[in-house]
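Engineer: please work out how this folds:
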Amino acid sequence: GQDLFADQLLENLVQLGIDCSAIEKVPDQATGVAFVTLDSEGDNSIVVAPGANHKLTPADIRRQEERIKQAKLLMVQLEIPLETVREAIAIARRHKVPVMLDPAPVQPLTAELLSMVDYIVPNETEISQLTGIEVHDQVTAKLAAVELLRQGVSTVFAKLGEKGIVVVNANRTFFVEPYQVQAVDSTAAGDAFAGAVGAAIVSGKDVWASAKFASAIGAITVTRKGAQASMPSLEEAEDFMKKEAHN
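Structural biologist: Below you'll find the model as predicted:
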């Protein structure tokens, strides 16, 4: 959008060394914002005002085809119009770029779209809604993950919160034990996890190592209040994993 929120967001991204050259401001639109409430356990409830996010069109994506073509991974989520998500995925597939989907906020997805997804990172609620299978533990998470594989997804990272992560693909099923931390705010933990999985895969880690790394990132994030401010650096995550390995 064209407002103070946009200026603050861009300034923060630039300070973190993130390439912002493809970001565009939408005239006469507010920047998307989220309003978060927390309970005593650190679990959150979020109300989103999407603003400019819902103005991102397939035509906007097509203008960025060359960037997508050169990418090592395309990550998409569902805070933009579904037709725009579909266009981005189609471009990535055309250029053999792997696709990761964070299906949040969850909505019905076709098997056609899911068949173009290499990696999906749903939480319990999202995978339950996508498959119709009520997920509450490792067993039900595996059943739901297999259903997503049946619909064409290559690898599923099912996030079970404090109950760990179930990773399923055509070759194997892994369970990643959760790190034991004192959660104060779960806001952005899912986003941090998804970003960490993507970064790990791009760096050459296998799916198990990627899930373990992302679990550490998510664990650190829930121990801090806030969204972007709660996400750790690579060095913090590596130090955390070393300390936990010695415990």
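
Engineer: which residues in the chain form strands?
Structural biologist: Ranges of strands within the chain are 33-38, 44-49, 74-77, 99-102, 119-120, 155-159, 165-169, 173-176, based on DSSP state E.

Engineer: of all those, which one is nearest residue 193?
Structural biologist: strand 155-159 (6.2 Å; C-beta to C-beta). C-betas here are computed from N, CA, C, even on glycine.

Engineer: now the spatially most central residue of the chain: closest residue in space, sequence neighbours ignored.
Structural biologist: Taking C-alpha atoms, centre = their mean, the centroid of the chain lies closest to residue 194, which sits 3.2 Å from it. Among residues not flanking residue 194 along the chain, residue 102 sits closest, at 4.3 Å (C-beta to C-beta, 6 or more residues apart in numbering).

Engineer: residues touching the residue nearest to the centre of the chain, list them.
Structural biologist: Residues counted as contacts of residue 194 (C-beta atoms under 8 Å, 6 or more residues apart in numbering) are 75, 77, 100, 102, 121, 214.

Engineer: and which of the residues you listed is nearest residue 231?
Structural biologist: residue 214 (11.8 Å).

Engineer: quick revisit: measure the residue nearest to the centre of the chain to residue 81 for me?
Structural biologist: Counting by C-beta to C-beta, to the nearest Å, the separation of residue 194 from residue 81 is 19 Å.

Engineer: so how many other residues sit close to the residue nearest to residue 194?
Structural biologist: Neighbourhood size, residue 102 [other C-beta atoms under 10 Å]: 24.

Engineer: that one contacts residue 75, doesn't it?
Structural biologist: Yes: the criterion here is C-beta atoms under 8 Å, and residue 102 meets it with residue 75 at 6.9 Å.

Engineer: longest helix in this protein, by residue count?
Structural biologist: If you go by DSSP state H, the chain has its longest helix at helix 207-222.

Engineer: could you say what helices and strands that one packs with?
Structural biologist: Of the remaining helices and strands, those touching helix 207-222 by 3 or more C-beta pairs under 8 Å, 6 or more residues apart in numbering; DSSP states H and E are strand 155-159, strand 165-169, strand 173-176, helix 189-202, helix 234-246.

Engineer: burial of residue 46, as a residue count?
Structural biologist: By other C-beta under 10 Å, 13 other residues sit near residue 46.

Engineer: how near is it to residue 32?
Structural biologist: For residue 46 relative to residue 32 (C-beta to C-beta), the value is 12 Å.

Engineer: now residue 161
Structural biologist: Distance of residue 161 to residue 32, computed by C-beta to C-beta: 25 Å.

Engineer: between those two, point out the one with more neighbours.
Structural biologist: The neighbour count for residue 161 versus residue 32, taken as other C-beta under 10 Å, is higher for residue 32 (19 against 16).

Engineer: pretty sure that one contacts residue 79?
Structural biologist: Yes: with contact defined as C-beta under 8 Å, residue 32 reaches residue 79; the gap is 7.0 Å.

Engineer: need the residues touching each of the two.
Structural biologist: Common neighbours of residue 32 and residue 79, using C-beta under 8 Å, 6+ apart, are 48, 50, 53.

Engineer: on that earlier part again, can I get the longest helix of the chain in CSV? Just the C-alpha atoms.
Structural biologist: Taking C-alpha atoms only, helix 207-222 is exported to CSV below (Å, rounded to 0.1, in the frame of the first residue of the first chain):
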residue,chain,number,x,y,z
VAL,A,207,13.8,-33.3,4.1
TRP,A,208,14.6,-34.7,7.5
ALA,A,209,17.4,-32.2,8.2
SER,A,210,15.2,-29.4,6.8
ALA,A,211,12.4,-30.3,9.2
LYS,A,212,14.8,-30.5,12.1
PHE,A,213,16.3,-27.1,11.3
ALA,A,214,12.8,-25.6,10.8
SER,A,215,11.7,-27.1,14.1
ALA,A,216,14.5,-25.2,15.8
ILE,A,217,13.6,-21.9,14.1
GLY,A,218,9.9,-22.4,15.1
ALA,A,219,10.9,-23.3,18.7
ILE,A,220,12.9,-20.1,19.1
THR,A,221,10.2,-18.0,17.6
VAL,A,222,7.5,-19.0,20.1
